[in-house]
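Novice: Kindly return the folded structure for what I paste below:
(one chain, ligands or ions: 1)
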Amino acid sequence: MLQLKEIQKTYPSRSGSIPVVALKDVNLEVNEGEIFGIIGRSGAGKSTLLRLVNGLETPDSGEVWVDGWSITRLKERELRQARTKIGMIFQHFNLLWSRTVWDNVAFPLEVAGRSKEEIRQKVNHLLERVGLSDRAKAYPSQLSGGQKQRVGIARALANDPKVLLCDEATSALDPETTGSILQLLKEINRDTGITTLLITHEMSVVQAICGRMGVMDDGRMIEVGEVSEIFRNPSHPVTRQFVRQTLLKEQSTPFEDKGRDSSACIVVQCRFPGLSDVWEELRKEADRRQLQIHVLAGGIDPSTPWTLRVEGDRETADRIVTVLRSLGAEAEVAVGVS
Ligand SMILES: Nc1ncnc2c1ncn2[C@@H]1O[C@H](COP(=O)(O)OP(=O)(O)OP(=O)(O)O)[C@@H](O)[C@H]1O
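Specialist: Numbering: from 1, shown residues only. So this is what the prediction gives:
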């Protein structure tokens with residue numbers, strides 16, 4: 001669905017010094033219907049990559065393909081047409097502040113020349129989809145951050161795009177709102193099959209909704225793979241650092257703090273045949289043993305493997321693996337971080 005082939009992108013220097021090579025020989029393939037996450041530190045080249053996909057930037061060399069269109073070869077008129085099939089949401093929402101919620105969502109449909117009746121039906125449907133029917137007449141300034149992003153999502157979906165690009169879409173939101181927006185994106189992907197490419201600097205975002213991910217550093221795509229696999233076995237030092245930072249973050253704690261030393265932890269990877277029963281058993285077992293276990297990935301979609309962080313030493317993790325196996329799960333200790 002989306003392909004970047006041997007992309008090279010250089011920006012001319014801003015102050016007469018050396019030009020900046022933002023992307024270096026980047027290759028990427030995103031499959032139809034998947035949610036693909038790209039993570040990287042500031043300046044890694046994530047935004048440049050996204051702007052290449054919707055044709056806002058052109059590469060020095062290489063090709064960008066979106067749904068059969070070679071974005072890099074299109075003339076301005078064709079590019080505008082191709083762009084209607086690419087929706088985008090932004091960190092700071094980019095809403096039209098003088099227009100109501102309803103009018104913001106209607107805007108791309110008006111530009112596309114849709115009839116009044118078509119616009120009415122579509123906007124009402126989209127507002128219902130994002131849970132904002134009752135705020136249709138409000139202005140963006142009267143909305144919370146999460147509601148603003150819901151308007152952004154509805155607007156991005158107005159022309160039934162095949163691809164949704166998310167540019168740090170939850171970076172301006174608190175963790176709870178982030179969770180609900182990610183959940184909405186996941187549901188939309190499930191219901192419409194829209195191919196979703198998101199960029200972020202937060203591993204937790206990738207873990208929450210992406211099936212596969214790419215890691216960028218200094219203009220290069222340094223690692224691509226299944227999120228669970230990369231988490232279990234990060235090969236590049238930069239990826240390892242992202243994983244480590246996530247593991248050491250005190251978040252998503254399903255168990256109360258038992259005063260353990262949290263400076264050491266072990267990651268356990270497991271697959272459950274079912275979900276809730278096993279999880280309940282595991283909770284009880286961990287409680288009995290006074291252990292802290294955090295779900296790092298796999299919490300939203302029961303079909304994906306779970307990644308658990310167990311605070312404690314290798315012996316503790318081995319005990320948890322034994323418990324998991326006794327509950328019918330496939331489980332193994334993946335990586336130790338201290
Ligand atoms: N218009 C521009 N002119 C010159 N240099 C640019 C321009 N846009 C980006 N760059 C440079 O290209 C490199 C990649 O930038 P880019 O914004 O793609 O990275 P990023 O990973 O999205 O970073 P961030 O997370 O901070 O937005 C950086 O060194 C940046 O300074």
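Novice: Please make it C-alpha for all contacts and neighbour counts, starting now.
Specialist: OK.
Novice: Okay, now the sheet partners of the helix or strand where T196 lies, with direction.
Specialist: Of the helices and strands defined by DSSP states H and E, T196 is found in strand 195-200. Partners of strand 195-200 in the sheet, by DSSP bridges, are strand 35-40 (parallel), strand 163-167 (parallel).
Novice: Of all those, which one comes closest to the ligand?
Specialist: Nearest to the ligand, of all those, is strand 35-40, at 5.9 Å by Cα to the nearest ligand atom.
Novice: what about that closest one, average pLDDT?
Specialist: Averaged over strand 35-40, pLDDT sits at 97.
Novice: Reformat the strands paired with strand 195-200 as TSV; add mean neighbour count.
Specialist: Output for the strands paired with strand 195-200, formatted as TSV (neighbours: other Cα atoms under 10 Å):
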stretch	mean neighbour count
strand 35-40	26
strand 163-167	24
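Novice: As TSV, those strands with distance to D60 would be great.
Specialist: Formatted as TSV, the strands paired with strand 195-200 follow (distance: least, Cα to Cα, whole Å):
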stretch	distance to D60
strand 35-40	21
strand 163-167	22
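Novice: So for E315, which of those strands sits nearest?
Specialist: Of all the strands paired with strand 195-200, it is strand 35-40 that lies closest to E315, at 32.3 Å by Cα to Cα.
Novice: quick one: contacts of that closest one?
Specialist: 30, 46, 189, 195-203, 206, 209-217 (Cα atoms under 8 Å, 6 or more residues apart in numbering).
Novice: Between strand 35-40 and the helix or strand following it, find me the angle.
Specialist: Downstream of strand 35-40, the next assigned helix or strand under DSSP H and E is helix 46-53. Counting by axes from the mean of the first three to the mean of the last three Cα atoms, to 10 degrees, helix 46-53 lies at 140 degrees to strand 35-40.
Novice: helices or strands next to whichever helix or strand comes after helix 46-53 in the packing?
Specialist: As assigned by DSSP H and E, the chain's next helix or strand after helix 46-53 is strand 61-66. With contacts taken as 3 or more Cα pairs under 8 Å, 6 or more residues apart in numbering; DSSP states H and E, strand 61-66 sits against strand 2-11, helix 46-53.
Novice: ok, 7 Å please
Specialist: strand 2-11 (3 or more Cα pairs under 7 Å, 6 or more residues apart in numbering; DSSP states H and E).
Novice: does the ligand sit close to the strand it packs on?
Specialist: Yes. On the criterion Cα under 6 Å from any ligand atom, strand 2-11 is in touch with the ligand at Y11.
Novice: Point out where the chain drops to low pLDDT.
Specialist: Filtered on pLDDT under 70, the chain yields the residue ranges 16, 247-283, 285, 289-306, 311-313, 323, 325-330, 334-338.
Novice: what does it put close to the ligand?
Specialist: Neighbours of the ligand within the chain, by Cα under 6 Å from any ligand atom: 11, 14, 20, 22, 40-48.
Novice: Try it again at 5 Å.
Specialist: Within the chain, the positions near the ligand by Cα under 5 Å from any ligand atom are 11, 22, 42-48.
Novice: now, the most widely separated pair of the residues you listed?
Specialist: Y11 and S42 (16.2 Å).
Novice: Quick one, which of the strands paired with strand 195-200 gets closest to R232.
Specialist: Between the strands paired with strand 195-200, strand 35-40 lies closest to R232; by Cα to Cα that is 16.2 Å.
Novice: Any idea how far the closest one is from the middle of the chain?
Specialist: Mean C-alpha position of strand 35-40 versus that of the full chain (Cα atoms, centre = their mean, to the nearest Å) differs by 6 Å.
Novice: export that strand as PDB, just CAs?
Specialist: Coordinates of the C-alpha atoms in strand 35-40 are reproduced here as PDB (Å, rounded to 0.1, in the frame of the first residue of the first chain):
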ATOM      1  CA  ILE A  35      -1.000   0.300  11.800                       C
ATOM      2  CA  PHE A  36       2.700   1.000  11.400                       C
ATOM      3  CA  GLY A  37       4.600   3.100  13.900                       C
ATOM      4  CA  ILE A  38       7.800   5.000  13.300                       C
ATOM      5  CA  ILE A  39       9.800   6.000  16.400                       C
ATOM      6  CA  GLY A  40      12.900   8.100  16.600                       C
END
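Novice: Okay then, goodbye and thanks.
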